[in-house]
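In: got a predicted model here, sequence first, then my questions.
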Amino acid sequence: MGTENIIDMESRIIEAAKIVFVRKGYEDTKMGDIAAEVGISRTALHYYFHTKEVLFDAIFQQLMDGFLPNIALVVDAPTSCLEKIPKIVDQYISMLQRNPFLPLFIVSEFNRDPKHLYSTLLKDFHRLETLLRLKTMLEAEMEAGKLKKYPFVYVVSTLISLAVFPMLVRNPLTDAFLGGDPRKFDAFIEERKQFVAEVMVRMLTPDADETYQNN
């Protein structure tokens, strides 16, 4: 089998695994379930991915490979954090748009077995260095009075809630407010990127008197 065919089959398996993991949860998913979703035998599946854990890791590697390099370009750019925020919001929500399964899956897995999810995310700790650099930059600008001072968890949780919640309630939002048209939901999310960025920027912009006191 040629390299292109192998890569294509691996992609098909990963996409099928996402569907089955969301539907059944990690613990209840069997390799046979994933093989059936792809339309191949379990033996063929094991040729590409030996275990469910390896496949689970491959999903997160794919997500991180598609997200972190773009975030790194934003973080490392010679701009202020307030200038970086709209681009980070755009990259984050775009990643969710490409992977609509992710929010529901993450929430269900955190409720089911958070230690397993943590261990998966931390296997390649260097992948998180970009996010740690961003945290350091935000805290440094807060200390310098360039950003309104909040605990970092406030910033992260606000961004996640603004970006993720609509994805979690996609179907009722679409049915109740968008005429049941999935295309309108996609357009809504695209427009919402600017709204979320503006909320985050307003949240972190120092009040006038705070800026004066730090000058």
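Out: Structure received.

In: low-confidence ranges, the protein, go.
Out: 1-4, 209-215 (pLDDT under 70).

In: make it 90
Out: Flagging of the chain using pLDDT under 90 yields the residue ranges 1-8, 11, 15, 18-19, 21-28, 53, 56-71, 95-96, 98-131, 207-215.

In: break it into its domains for me.
Out: Domain ranges of the chain: 1-50, 56-206, per automatic domain parsing.

In: pull up the distance across the longest one, start to finish.
Out: In this case it means domain 56-206. Counting by C-alpha to C-alpha, to the nearest Å, you get 42 Å between the two ends of domain 56-206.

In: and it, how far from the chain's centre?
Out: Taking C-alpha atoms, centre = their mean, to the nearest Å, the mean C-alpha location of domain 56-206 is offset from the chain mean by 6 Å.

In: coming back round to it: with mean neighbour count added, can I get the domains of the chain in JSON lines?
Out: Where you see a C-beta, it was placed from the backbone N, CA and C, and this is true even at glycine. Output for the domains of the chain, formatted as JSON lines (neighbours: other C-beta atoms under 10 Å):
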{"stretch": "domain 1-50", "mean neighbour count": "15"}
{"stretch": "domain 56-206", "mean neighbour count": "15"}
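
In: where along this protein do the helices fall?
Out: Secondary structure of the chain (DSSP state H): helices at 3-24, 31-38, 42-48, 52-75, 81-98, 102-112, 114-121, 129-143, 152-168, 170-177, 182-204, 208-213.

In: so the second one versus helix 3-24, what angle?
Out: Right, helix 31-38. Counting by axes from the mean of the first three to the mean of the last three C-alpha atoms, to 10 degrees, helix 31-38 lies at 110 degrees to helix 3-24.

In: no further queries at this time; thank you.
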